[in-house]
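Engineer: Any chance you could fold what I've pasted below:
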Amino acid sequence: MSTGLAKWAGELAKGVHGFWEKGRWTPLAISARHRAKIRKETLLAGGEWPYDAPRKPERTKMKGHKVDREAALKRARTVELMEKMPQMLADMKKRRWERKLTEKK
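Structural biologist: Numbers count the residues shown, from 1 in each chain. Down below sits the predicted model:
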């Protein structure tokens, strides 16, 4: 443990950037620049730095226009529906014919 880390270990254990105390936010007594210097010294000396904040997952959303990304999906869906079209038309005609027969009674 470097001397700076030993000196400020209690303060760094309170939180990465600060902490809540009695209902109010309290920043650390050590500046961000000094904290970064101590962190760098510790890591260069081969030590471990347990005070980093947990990282958020990386953003996986693609950039660009949605219409460009989904165009291929729409074309594939259209091909599937066109293959089913004769059966769909036959079913529709059958339903219409059955409805017409029930209305006559």
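Engineer: Show the pLDDT at the residue sitting nearest the centre point of the chain.
Structural biologist: When CA atoms, centre = their mean is applied to the chain, the residue found nearest the centroid is residue 59 (5.5 Å). Looking at residue 59, its pLDDT reads 83.
Engineer: Tell me the spacing between it and residue 53.
Structural biologist: Going from residue 59 to residue 53 by CB to CB, to the nearest Å gives 17 Å. The C-beta positions use only the backbone N, C-alpha and C, and glycine is treated the same way.
Engineer: can you list the residues that contact the helix or strand bottoming out on mean pLDDT in the chain?
Structural biologist: Taking mean pLDDT, DSSP states H and E as the measure, the chain has helix 3-12 as its least confident helix or strand, at a mean of 76. With contact meaning CB atoms under 8 Å, 6 or more residues apart in numbering, helix 3-12 is reached by 1, 28-30, 34-35, 37-38, 41-42, 47, 51.
Engineer: Show me which of these are buried.
Structural biologist: Buried subset of the contacts of helix 3-12 (neighbour count, 16 or more other CB atoms under 10 Å): 28, 35, 38, 42, 51.
Engineer: Tell me which two of those sit farthest apart.
Structural biologist: 28 and 42 (16.1 Å; CB to CB).
Engineer: Low-confidence regions, the chain specifically.
Structural biologist: 1-4, 105 (pLDDT under 70).
Engineer: Let me see the ranges of the strands in it.
Structural biologist: 18-21, 24-27 (DSSP state E).
Engineer: list the buried ones in the lengthiest helix in the chain?
Structural biologist: Counting by DSSP state H, the longest helix found in the chain is helix 66-104. Buried residues in helix 66-104, defined by neighbour count with 16+ other CB under 10 Å: none.
Engineer: quick one: it to chain centroid distance?
Structural biologist: In terms of CA atoms, centre = their mean, to the nearest Å, the centre of helix 66-104 is found 36 Å from the chain centre.
Engineer: can you list the strands of the chain in a markdown table and add distance to residue 64?
Structural biologist: Output for those, formatted as a markdown table (distance: least, CB to CB, whole Å):
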| stretch | distance to residue 64 |
| --- | --- |
| strand 18-21 | 39 |
| strand 24-27 | 39 |
